[in-house]
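> what follows is a protein structure lacking sequence information:
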(Lines give C-alpha, C1' and ligand atoms only; values in the text may rest on other atoms or scores of the structure.)
Protein backbone atom coordinates (compact mmCIF):
# COMPACT_ATOMS: atom_id res chain seq x y z
CA UNK A 1 0.00 0.00 0.00
CA UNK A 2 1.25 3.44 -0.88
CA UNK A 3 0.89 6.98 0.36
CA UNK A 4 -0.26 8.13 3.79
CA UNK A 5 -1.92 5.48 5.95
CA UNK A 6 -5.72 5.88 6.14
CA UNK A 7 -7.65 5.43 9.40
CA UNK A 8 -9.83 2.69 7.88
CA UNK A 9 -10.84 1.39 4.49
CA UNK A 10 -14.60 1.09 4.02
CA UNK A 11 -15.41 -1.50 1.36
CA UNK A 12 -18.97 -1.73 0.08
CA UNK A 13 -19.82 -4.80 -2.00
CA UNK A 14 -23.05 -4.84 -4.01
CA UNK A 15 -23.65 -8.18 -5.74
CA UNK A 16 -25.74 -8.81 -8.81
CA UNK A 17 -29.06 -10.57 -8.61
CA UNK A 18 -29.37 -10.98 -12.36
CA UNK A 19 -28.52 -14.09 -14.29
CA UNK A 20 -29.84 -15.72 -17.46
CA UNK A 21 -33.56 -16.34 -17.25
CA UNK A 22 -34.10 -15.16 -13.68
CA UNK A 23 -32.74 -13.18 -10.76
CA UNK A 24 -30.78 -15.23 -8.28
CA UNK A 25 -28.97 -14.77 -5.00
CA UNK A 26 -25.31 -14.06 -5.68
CA UNK A 27 -24.26 -16.81 -3.29
CA UNK A 28 -26.48 -19.44 -4.94
CA UNK A 29 -26.69 -18.48 -8.55
CA UNK A 30 -25.73 -21.73 -10.25
CA UNK A 31 -27.80 -22.08 -13.36
CA UNK A 32 -28.27 -25.74 -12.48
CA UNK A 33 -29.21 -24.99 -8.86
CA UNK A 34 -26.37 -27.18 -7.67
CA UNK A 35 -23.87 -26.14 -5.03
CA UNK A 36 -23.64 -22.43 -4.32
CA UNK A 37 -21.44 -20.68 -6.87
CA UNK A 38 -20.32 -17.25 -5.65
CA UNK A 39 -20.18 -14.14 -7.79
CA UNK A 40 -16.96 -12.18 -8.11
CA UNK A 41 -18.30 -9.66 -5.62
CA UNK A 42 -18.72 -12.41 -3.04
CA UNK A 43 -15.23 -13.71 -3.79
CA UNK A 44 -13.68 -10.24 -3.76
CA UNK A 45 -15.21 -9.61 -0.34
CA UNK A 46 -13.80 -12.88 0.97
CA UNK A 47 -10.33 -12.09 -0.40
CA UNK A 48 -10.00 -8.79 1.47
CA UNK A 49 -8.08 -9.11 4.73
CA UNK A 50 -9.93 -7.79 7.81
CA UNK A 51 -6.80 -5.83 8.70
CA UNK A 52 -4.08 -4.85 6.23
CA UNK A 53 -0.44 -5.76 6.72
CA UNK A 54 0.24 -2.25 8.03
CA UNK A 55 -2.57 -2.43 10.59
CA UNK A 56 -5.37 -0.59 8.75
CA UNK A 57 -8.86 -2.05 9.39
CA UNK A 58 -10.56 -3.02 6.10
CA UNK A 59 -14.27 -2.89 6.94
CA UNK A 60 -16.46 -4.73 4.40
CA UNK A 61 -20.21 -4.20 4.05
CA UNK A 62 -21.94 -6.79 1.85
CA UNK A 63 -25.40 -5.81 0.66
CA UNK A 64 -27.57 -8.69 -0.57
CA UNK A 65 -30.14 -6.35 -2.05
CA UNK A 66 -33.70 -6.53 -3.29
CA UNK A 67 -34.34 -9.55 -5.49
CA UNK A 68 -31.70 -11.67 -3.78
CA UNK A 69 -34.14 -14.10 -2.21
CA UNK A 70 -35.51 -17.28 -3.69
CA UNK A 71 -39.21 -16.42 -3.64
CA UNK A 72 -41.36 -15.43 -6.61
CA UNK A 73 -41.75 -11.91 -5.21
CA UNK A 74 -37.97 -11.55 -4.92
CA UNK A 75 -37.51 -12.57 -8.55
CA UNK A 76 -40.24 -10.15 -9.62
CA UNK A 77 -38.60 -7.29 -7.74
CA UNK A 78 -35.33 -8.09 -9.47
CA UNK A 79 -36.75 -8.39 -12.97
CA UNK A 80 -38.75 -5.16 -12.86
CA UNK A 81 -36.08 -3.05 -11.17
CA UNK A 82 -38.36 -2.28 -8.24
CA UNK A 83 -36.44 -1.50 -5.07
CA UNK A 84 -33.15 -0.53 -6.71
CA UNK A 85 -33.37 3.05 -5.47
CA UNK A 86 -33.86 1.63 -1.98
CA UNK A 87 -30.60 -0.32 -2.29
CA UNK A 88 -28.83 2.87 -3.38
CA UNK A 89 -30.29 4.68 -0.37
CA UNK A 90 -29.22 1.97 2.08
CA UNK A 91 -25.73 1.79 0.60
CA UNK A 92 -25.33 5.54 0.89
CA UNK A 93 -26.56 5.47 4.49
CA UNK A 94 -23.93 2.88 5.41
CA UNK A 95 -21.10 5.07 4.12
CA UNK A 96 -22.52 8.25 5.65
CA UNK A 97 -22.99 6.59 9.04
CA UNK A 98 -19.53 5.02 9.18
CA UNK A 99 -17.18 7.40 7.37
CA UNK A 100 -14.88 9.67 9.36
CA UNK A 101 -12.21 11.99 7.92
CA UNK A 102 -9.17 9.95 6.92
CA UNK A 103 -11.13 6.85 5.87
CA UNK A 104 -10.89 5.56 2.29
CA UNK A 105 -14.02 4.44 0.43
CA UNK A 106 -14.14 1.46 -1.97
CA UNK A 107 -17.33 0.39 -3.76
CA UNK A 108 -17.73 -2.74 -5.89
CA UNK A 109 -20.61 -4.27 -7.83
CA UNK A 110 -21.64 -6.64 -10.61
CA UNK A 111 -24.42 -6.10 -13.18
CA UNK A 112 -27.33 -4.50 -11.35
CA UNK A 113 -25.02 -4.18 -8.35
CA UNK A 114 -22.54 -2.40 -10.62
CA UNK A 115 -25.13 0.24 -11.42
CA UNK A 116 -25.91 0.49 -7.71
CA UNK A 117 -22.22 0.94 -6.87
CA UNK A 118 -21.89 3.67 -9.48
CA UNK A 119 -25.07 5.36 -8.31
CA UNK A 120 -23.91 5.40 -4.68
CA UNK A 121 -20.60 6.91 -5.75
CA UNK A 122 -22.40 9.46 -7.91
CA UNK A 123 -24.68 10.41 -5.03
CA UNK A 124 -21.67 10.95 -2.76
CA UNK A 125 -20.09 13.08 -5.47
CA UNK A 126 -23.25 15.12 -5.83
CA UNK A 127 -24.37 15.83 -2.25
CA UNK A 128 -21.34 14.70 -0.26
CA UNK A 129 -21.95 12.72 2.93
CA UNK A 130 -24.70 13.94 5.19
CA UNK A 131 -23.73 14.68 8.78
CA UNK A 132 -25.57 13.42 11.84
CA UNK A 133 -27.61 16.62 11.72
CA UNK A 134 -28.35 16.05 8.04
CA UNK A 135 -29.26 12.35 8.08
CA UNK A 136 -32.79 12.87 9.48
CA UNK A 137 -33.51 14.85 6.29
CA UNK A 138 -32.07 12.22 3.96
CA UNK A 139 -35.40 10.77 2.73
CA UNK A 140 -36.47 14.19 1.46
CA UNK A 141 -33.02 15.09 0.11
CA UNK A 142 -32.88 11.77 -1.70
CA UNK A 143 -36.33 12.39 -3.15
CA UNK A 144 -35.20 15.82 -4.37
CA UNK A 145 -32.12 14.33 -6.04
CA UNK A 146 -34.08 11.50 -7.65
CA UNK A 147 -36.45 13.99 -9.23
CA UNK A 148 -33.96 16.69 -10.18
CA UNK A 149 -34.62 16.18 -13.92
CA UNK A 150 -38.42 16.22 -13.55
CA UNK A 151 -39.71 19.69 -14.42
CA UNK A 152 -43.10 18.88 -12.91
CA UNK A 153 -41.68 17.67 -9.61
CA UNK A 154 -43.26 19.20 -6.52
CA UNK A 155 -41.50 18.41 -3.23
CA UNK A 156 -43.60 16.55 -0.72
CA UNK A 157 -42.10 18.77 1.96
CA UNK A 158 -41.11 22.10 0.33
CA UNK A 159 -39.55 23.40 3.56
CA UNK A 160 -37.36 20.34 4.23
CA UNK A 161 -34.38 20.41 4.61
CA UNK A 162 -34.74 24.22 4.39
CA UNK A 163 -37.23 26.80 3.20
CA UNK A 164 -37.48 27.97 -0.40
CA UNK A 165 -35.16 25.23 -1.57
CA UNK A 166 -34.17 25.28 -5.26
CA UNK A 167 -34.01 22.26 -7.54
CA UNK A 168 -31.31 19.74 -6.64
CA UNK A 169 -29.81 20.60 -10.04
CA UNK A 170 -29.03 24.09 -8.76
CA UNK A 171 -25.60 24.35 -7.04
CA UNK A 172 -27.30 26.54 -4.44
CA UNK A 173 -29.02 23.41 -3.09
CA UNK A 174 -25.75 21.78 -2.03
CA UNK A 175 -24.25 25.08 -0.93
CA UNK A 176 -27.10 25.61 1.50
CA UNK A 177 -26.82 22.04 2.81
CA UNK A 178 -23.14 22.68 3.49
CA UNK A 179 -23.74 26.12 5.02
CA UNK A 180 -26.19 24.57 7.47
CA UNK A 181 -23.66 21.80 8.23
CA UNK A 182 -26.07 19.16 7.01
CA UNK A 183 -23.46 17.67 4.68
CA UNK A 184 -19.74 17.45 4.02
CA UNK A 185 -18.96 18.13 0.38
CA UNK A 186 -15.97 17.02 -1.72
CA UNK A 187 -15.70 13.54 -0.19
CA UNK A 188 -13.11 11.49 -2.11
CA UNK A 189 -13.80 7.89 -3.17
CA UNK A 190 -10.68 5.81 -3.64
CA UNK A 191 -12.01 3.08 -5.96
CA UNK A 192 -15.20 2.07 -7.73
CA UNK A 193 -14.76 -1.36 -9.31
CA UNK A 194 -17.53 -2.99 -11.34
CA UNK A 195 -18.14 -6.06 -13.47
CA UNK A 196 -20.22 -5.52 -16.62
CA UNK A 197 -22.74 -2.81 -15.80
CA UNK A 198 -25.84 -3.51 -17.91
CA UNK A 199 -28.84 -1.30 -18.64
CA UNK A 200 -28.52 2.47 -18.66
CA UNK A 201 -30.72 2.63 -15.57
CA UNK A 202 -29.38 -0.41 -13.79
CA UNK A 203 -31.81 -3.06 -14.97
CA UNK A 204 -31.72 -4.85 -18.34
CA UNK A 205 -34.76 -3.86 -20.36
CA UNK A 206 -37.03 -6.85 -20.93
CA UNK A 207 -39.33 -6.12 -23.86
CA UNK A 208 -42.61 -7.66 -22.73
CA UNK A 209 -42.29 -6.15 -19.23
CA UNK A 210 -41.83 -2.72 -20.82
CA UNK A 211 -44.74 -3.19 -23.21
CA UNK A 212 -47.18 -3.92 -20.40
CA UNK A 213 -45.78 -0.98 -18.41
CA UNK A 214 -44.50 -2.98 -15.46
CA UNK A 215 -40.79 -2.46 -15.91
CA UNK A 216 -40.89 1.11 -17.21
CA UNK A 217 -42.97 2.29 -14.26
CA UNK A 218 -40.55 0.77 -11.76
CA UNK A 219 -37.55 2.17 -13.62
CA UNK A 220 -38.76 5.76 -13.32
CA UNK A 221 -37.32 5.58 -9.83
CA UNK A 222 -33.87 4.89 -11.25
CA UNK A 223 -33.43 7.82 -13.60
CA UNK A 224 -31.81 10.18 -11.10
CA UNK A 225 -28.24 9.09 -11.74
CA UNK A 226 -26.00 10.07 -14.62
CA UNK A 227 -23.55 7.21 -15.15
CA UNK A 228 -20.70 9.45 -16.33
CA UNK A 229 -17.61 9.29 -14.13
CA UNK A 230 -17.77 11.50 -11.04
CA UNK A 231 -14.83 13.78 -10.26
CA UNK A 232 -14.80 12.49 -6.69
CA UNK A 233 -13.64 8.99 -7.79
CA UNK A 234 -9.86 8.56 -7.84
CA UNK A 235 -9.84 5.18 -9.61
CA UNK A 236 -12.59 3.53 -11.67
CA UNK A 237 -12.28 -0.01 -13.04
CA UNK A 238 -14.74 -2.00 -15.15
CA UNK A 239 -14.48 -5.52 -16.60
CA UNK A 240 -16.67 -5.95 -19.71
CA UNK A 241 -18.03 -8.98 -21.60
CA UNK A 242 -17.24 -9.19 -25.32
CA UNK A 243 -19.51 -12.16 -26.04
CA UNK A 244 -22.77 -11.13 -24.33
CA UNK A 245 -25.37 -11.11 -27.13
CA UNK A 246 -28.69 -10.49 -25.39
CA UNK A 247 -30.19 -7.21 -26.59
CA UNK A 248 -31.44 -6.37 -23.10
CA UNK A 249 -27.93 -6.68 -21.69
CA UNK A 250 -26.26 -3.72 -23.39
CA UNK A 251 -23.26 -2.50 -21.37
CA UNK A 252 -23.05 0.88 -19.71
CA UNK A 253 -19.56 2.32 -20.01
CA UNK A 254 -18.17 5.27 -18.12
CA UNK A 255 -16.99 8.35 -19.95
CA UNK A 256 -14.51 10.87 -18.58
CA UNK A 257 -14.79 14.57 -19.29
CA UNK A 258 -11.75 16.78 -19.90
CA UNK A 259 -11.77 18.31 -16.42
CA UNK A 260 -11.80 14.88 -14.75
CA UNK A 261 -8.51 13.63 -13.29
CA UNK A 262 -9.80 10.17 -12.34
CA UNK A 263 -7.85 7.10 -13.46
CA UNK A 264 -10.23 5.06 -15.63
CA UNK A 265 -9.67 1.55 -17.00
CA UNK A 266 -12.40 -0.40 -18.79
CA UNK A 267 -11.19 -3.75 -20.09
CA UNK A 268 -12.91 -6.19 -22.46
CA UNK A 269 -12.67 -9.92 -21.73
CA UNK A 270 -13.87 -13.01 -23.59
CA UNK A 271 -17.17 -14.30 -22.27
CA UNK A 272 -20.80 -13.51 -21.58
CA UNK A 273 -22.22 -11.43 -18.75
CA UNK A 274 -21.92 -13.98 -15.94
CA UNK A 275 -18.58 -15.24 -17.26
CA UNK A 276 -17.27 -11.80 -16.31
CA UNK A 277 -19.03 -11.33 -12.98
CA UNK A 278 -19.07 -14.96 -11.88
CA UNK A 279 -21.78 -17.49 -11.16
CA UNK A 280 -21.49 -20.12 -13.90
CA UNK A 281 -20.32 -23.64 -13.07
CA UNK A 282 -17.11 -23.08 -15.04
CA UNK A 283 -15.55 -20.14 -13.19
CA UNK A 284 -12.31 -19.96 -15.18
CA UNK A 285 -12.94 -16.70 -17.02
CA UNK A 286 -14.54 -15.17 -13.92
CA UNK A 287 -11.39 -16.02 -11.96
CA UNK A 288 -9.30 -14.25 -14.60
CA UNK A 289 -11.48 -11.13 -14.27
CA UNK A 290 -11.35 -11.43 -10.47
CA UNK A 291 -7.55 -11.51 -10.63
CA UNK A 292 -7.63 -8.45 -12.88
CA UNK A 293 -9.82 -6.48 -10.45
CA UNK A 294 -7.70 -7.51 -7.48
CA UNK A 295 -4.55 -6.52 -9.37
CA UNK A 296 -5.97 -3.05 -10.06
CA UNK A 297 -6.79 -2.59 -6.37
CA UNK A 298 -3.70 -4.26 -4.92
CA UNK A 299 -1.87 -0.92 -4.41
CA UNK A 300 -4.72 0.22 -2.14
CA UNK A 301 -6.24 -2.91 -0.54
CA UNK A 302 -4.57 -5.89 1.12
CA UNK A 303 -5.76 -9.26 -0.25
CA UNK A 304 -5.25 -12.90 0.67
CA UNK A 305 -3.32 -14.00 -2.42
CA UNK A 306 -3.74 -17.67 -1.51
CA UNK A 307 -7.50 -17.22 -1.77
CA UNK A 308 -7.16 -16.32 -5.44
CA UNK A 309 -4.88 -19.29 -6.11
CA UNK A 310 -7.36 -21.56 -4.32
CA UNK A 311 -10.11 -20.28 -6.62
CA UNK A 312 -8.04 -21.22 -9.68
CA UNK A 313 -7.34 -24.67 -8.29
CA UNK A 314 -11.06 -25.14 -7.68
CA UNK A 315 -11.58 -24.45 -11.39
CA UNK A 316 -9.08 -27.18 -12.25
CA UNK A 317 -10.80 -29.51 -9.78
CA UNK A 318 -14.09 -28.79 -11.56
CA UNK A 319 -12.60 -29.95 -14.86
CA UNK A 320 -11.20 -33.06 -13.23
CA UNK A 321 -14.58 -33.97 -11.71
CA UNK A 322 -16.16 -33.63 -15.14
CA UNK A 323 -13.52 -35.85 -16.76
CA UNK A 324 -11.94 -32.95 -18.61
CA UNK A 325 -8.29 -32.09 -18.99
CA UNK A 326 -7.38 -28.76 -17.40
CA UNK A 327 -8.25 -26.07 -19.90
CA UNK A 328 -5.60 -23.59 -21.02
CA UNK A 329 -5.75 -20.13 -19.47
CA UNK A 330 -8.60 -18.15 -21.12
CA UNK A 331 -10.29 -21.30 -22.56
CA UNK A 332 -13.09 -21.50 -19.95
CA UNK A 333 -16.55 -22.25 -21.30
CA UNK A 334 -18.47 -19.24 -22.64
CA UNK A 335 -22.15 -19.77 -21.98
CA UNK A 336 -24.93 -18.76 -24.34
CA UNK A 337 -27.56 -16.74 -22.47
CA UNK A 338 -29.99 -16.65 -25.41
CA UNK A 339 -32.72 -18.67 -23.73
CA UNK A 340 -36.04 -18.18 -21.97
CA UNK A 341 -37.58 -14.71 -22.09
CA UNK A 342 -34.36 -13.22 -23.46
CA UNK A 343 -34.91 -14.92 -26.82
CA UNK A 344 -37.97 -12.70 -27.25
CA UNK A 345 -35.86 -9.60 -26.69
CA UNK A 346 -33.54 -10.34 -29.58
CA UNK A 347 -29.78 -10.16 -29.81
CA UNK A 348 -27.15 -7.51 -30.41
CA UNK A 349 -23.41 -7.95 -30.82
CA UNK A 350 -21.45 -5.67 -28.51
CA UNK A 351 -19.41 -2.88 -30.09
CA UNK A 352 -16.21 -1.94 -28.21
CA UNK A 353 -15.13 1.63 -28.81
CA UNK A 354 -18.47 2.51 -30.43
CA UNK A 355 -20.83 3.40 -27.59
CA UNK A 356 -22.80 6.62 -27.31
CA UNK A 357 -23.93 8.67 -24.35
CA UNK A 358 -27.23 8.03 -22.60
CA UNK A 359 -29.62 10.80 -21.62
CA UNK A 360 -29.71 10.60 -17.79
CA UNK A 361 -33.24 12.01 -17.70
CA UNK A 362 -34.81 9.04 -19.48
CA UNK A 363 -32.13 6.41 -20.14
CA UNK A 364 -32.42 6.76 -23.91
CA UNK A 365 -29.45 6.38 -26.21
CA UNK A 366 -28.16 9.52 -27.95
CA UNK A 367 -25.92 9.74 -31.02
CA UNK A 368 -23.07 11.46 -29.16
CA UNK A 369 -19.97 9.21 -28.83
CA UNK A 370 -18.82 8.63 -25.28
CA UNK A 371 -15.73 10.67 -24.43
CA UNK A 372 -12.47 9.22 -23.11
CA UNK A 373 -13.77 5.75 -22.25
CA UNK A 374 -10.23 4.41 -21.73
CA UNK A 375 -11.09 0.99 -23.19
CA UNK A 376 -8.61 -1.86 -23.41
CA UNK A 377 -8.71 -5.49 -24.58
CA UNK A 378 -7.39 -8.12 -22.18
CA UNK A 379 -4.64 -10.51 -23.30
CA UNK A 380 -6.99 -13.44 -22.60
CA UNK A 381 -8.87 -12.39 -25.76
CA UNK A 382 -5.71 -12.60 -27.86
CA UNK A 383 -4.82 -15.97 -26.34
CA UNK A 384 -8.25 -17.44 -26.99
CA UNK A 385 -8.33 -16.17 -30.58
CA UNK A 386 -4.77 -17.02 -31.64
CA UNK A 387 -4.52 -20.33 -29.77
CA UNK A 388 -7.89 -21.34 -31.23
CA UNK A 389 -9.91 -21.71 -28.07
CA UNK A 390 -13.46 -23.11 -28.05
CA UNK A 391 -16.44 -21.10 -29.27
CA UNK A 392 -19.63 -20.26 -27.39
CA UNK A 393 -21.02 -23.31 -25.56
CA UNK A 394 -17.80 -25.06 -26.64
CA UNK A 395 -19.04 -25.27 -30.24
CA UNK A 396 -16.34 -24.88 -32.88
CA UNK A 397 -13.42 -22.48 -32.65
CA UNK A 398 -13.69 -19.14 -30.90
CA UNK A 399 -14.59 -16.21 -33.13
CA UNK A 400 -15.13 -12.93 -31.33
CA UNK A 401 -17.87 -11.25 -33.35
CA UNK A 402 -17.54 -8.09 -31.27
CA UNK A 403 -14.01 -7.66 -32.68
CA UNK A 404 -14.64 -8.55 -36.33
CA UNK A 405 -14.10 -4.90 -37.27
CA UNK A 406 -10.80 -4.84 -35.37
CA UNK A 407 -7.44 -6.24 -36.42
CA UNK A 408 -4.90 -7.58 -33.94
CA UNK A 409 -1.58 -5.75 -34.39
CA UNK A 410 1.70 -6.81 -32.78
CA UNK A 411 4.50 -4.35 -33.49
CA UNK A 412 7.79 -3.14 -32.11
CA UNK A 413 7.57 -0.37 -29.56
CA UNK A 414 8.43 3.07 -30.87
CA UNK A 415 10.11 3.93 -27.59
CA UNK A 416 12.38 0.90 -27.82
CA UNK A 417 10.88 -0.58 -24.65
CA UNK A 418 10.90 -4.24 -23.70
CA UNK A 419 8.45 -6.47 -25.54
CA UNK A 420 6.16 -5.67 -28.47
CA UNK A 421 3.26 -3.26 -28.58
CA UNK A 422 -0.04 -5.17 -28.80
CA UNK A 423 -3.26 -3.47 -29.87
CA UNK A 424 -6.48 -3.87 -31.85
CA UNK A 425 -6.85 -1.43 -34.75
CA UNK A 426 -10.14 -0.57 -36.49
CA UNK A 427 -10.35 -2.15 -39.95
CA UNK A 428 -12.69 0.54 -41.25
CA UNK A 429 -12.59 4.25 -40.56
CA UNK A 430 -14.85 4.96 -37.56
CA UNK A 431 -17.26 7.86 -37.44
CA UNK A 432 -15.93 11.05 -35.90
CA UNK A 433 -15.61 10.83 -32.15
CA UNK A 434 -15.03 7.08 -31.96
CA UNK A 435 -11.64 5.54 -31.18
CA UNK A 436 -9.47 3.98 -33.89
CA UNK A 437 -7.40 1.79 -31.61
CA UNK A 438 -7.91 -0.38 -28.51
CA UNK A 439 -4.66 -1.13 -26.67
CA UNK A 440 -4.10 -4.42 -24.89
CA UNK A 441 -4.29 -4.05 -21.13
CA UNK A 442 -0.95 -4.69 -19.40
CA UNK A 443 -0.93 -7.67 -17.04
CA UNK A 444 -0.28 -6.92 -13.38
CA UNK A 445 1.14 -9.04 -10.55
CA UNK A 446 -1.80 -11.17 -9.43
CA UNK A 447 -2.80 -11.86 -13.03
CA UNK A 448 0.60 -13.32 -13.84
CA UNK A 449 0.26 -15.57 -10.77
CA UNK A 450 -2.54 -17.43 -12.55
CA UNK A 451 -0.56 -17.66 -15.78
CA UNK A 452 2.10 -19.69 -13.95
CA UNK A 453 -0.32 -22.64 -13.96
CA UNK A 454 -0.17 -22.75 -17.77
CA UNK A 455 3.44 -22.27 -18.96
CA UNK A 456 2.65 -22.62 -22.67
CA UNK A 457 -0.07 -19.98 -22.73
CA UNK A 458 2.08 -17.83 -20.46
CA UNK A 459 4.92 -17.97 -22.98
CA UNK A 460 2.64 -16.84 -25.80
CA UNK A 461 0.95 -14.11 -23.77
CA UNK A 462 4.19 -12.63 -22.46
CA UNK A 463 6.14 -13.13 -25.70
CA UNK A 464 3.63 -12.76 -28.55
CA UNK A 465 6.02 -13.18 -31.46
CA UNK A 466 4.07 -16.06 -32.97
CA UNK A 467 1.71 -18.95 -32.27
CA UNK A 468 3.25 -22.21 -31.20
CA UNK A 469 1.59 -25.64 -31.33
CA UNK A 470 0.45 -26.77 -27.91
CA UNK A 471 1.84 -29.98 -26.46
CA UNK A 472 -0.60 -32.78 -25.74
CA UNK A 473 0.32 -32.99 -22.07
CA UNK A 474 0.68 -30.25 -19.51
CA UNK A 475 2.19 -29.92 -16.08
CA UNK A 476 -0.50 -29.36 -13.52
CA UNK A 477 1.65 -28.63 -10.49
CA UNK A 478 0.10 -26.67 -7.70
CA UNK A 479 1.47 -23.41 -6.36
CA UNK A 480 4.01 -23.04 -9.21
CA UNK A 481 7.02 -20.84 -8.53
CA UNK A 482 6.95 -17.36 -10.08
CA UNK A 483 8.52 -16.90 -13.48
CA UNK A 484 11.89 -15.20 -13.12
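That came through fine. All values reported here derive from a predicted model rather than from experimental measurement.

> so where's the protein uncertain?
Applying pLDDT under 70 to the chain flags the ranges 1-6, 15-35, 64-83, 200-227, 340-341, 360, 362-363, 416, 465-484.

> got a list of contacts for the longest strand seen in it?
Counting by DSSP state E, the longest strand found in the chain is strand 233-241. Contact partners of strand 233-241, identified using Cβ atoms under 8 Å, 6 or more residues apart in numbering, comprise 114, 121, 125, 188-197, 229, 251, 253-254, 262-269, 271-273, 275-277, 289, 292-293, 296-297, 300, 350, 352, 375. Where C-beta positions appear, they are placed from N, C-alpha and C, glycine not excepted.

> which of these are buried, as a PyMOL select command?
Buried subset of those, written as a PyMOL selection, criterion 16 or more other Cβ atoms under 10 Å:
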select buried, resi 114+121+125+189+190+191+192+193+194+195+196+197+229+251+253+254+262+264+265+266+267+268+269+271+272+273+275+276+277+289+292+293+296+297+300+350+352+375
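
> how about the longest strand of the chain: buried residues?
233-241.

> also stretch 47-63?
47-48, 52, 56, 58-63.

> please report how far the closest residue to residue 101 other than its chain neighbours lies from residue 99.
Of all residues not flanking residue 101 in the chain, residue 7 sits nearest, at 7.9 Å (Cβ to Cβ, 6 or more residues apart in numbering). Distance, residue 7 to residue 99, using Cβ to Cβ, to the nearest Å: 10 Å.

> between the two, which is the more surrounded one?
Set residue 7 next to residue 99 and count neighbours by other Cβ atoms under 10 Å: residue 99 wins out with 18 against 13.

> what's near enough to touch that one?
Taking Cβ under 8 Å, 6+ apart as the criterion, residue 99 is in contact with 10, 105, 129, 187.

> out of these, who has the most neighbours?
In terms of neighbour count, residue 105 stands highest of the contacts of residue 99 at 26 neighbours, by other Cβ under 10 Å.

> what bridges to the closest residue to that residue other than its chain neighbours?
Computed as Cβ to Cβ, 6+ apart, the closest residue to residue 105 that is not its neighbour in sequence is residue 189, at 4.6 Å. Per DSSP bridges, the residues bridged to residue 189 are residue 233.

> surely residue 189 touches residue 123?
No. Contact criterion Cβ atoms under 8 Å: residue 189 and residue 123 do not qualify, at 10.7 Å.

> how far away is residue 391 from residue 334?
Distance from residue 391 to residue 334, by Cβ to Cβ: 7 Å.

> overlap in contacts, the two.
What both residue 391 and residue 334 touch, as defined by Cβ under 8 Å, 6+ apart, is the set residue 398.

> which of those two has more neighbours?
residue 334 (27 against 16).

> looking at the contacts of residue 99, which are in strands?
Counting by DSSP E, the part of the contacts of residue 99 found in strands is 10, 105, 129.

> any chance of those in CSV, with distance to residue 84 too?
CSV is the format used below for the ones in strands among the contacts of residue 99 (distance: Cβ to Cβ, whole Å):
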residue, distance to residue 84
10, 22
105, 20
129, 21
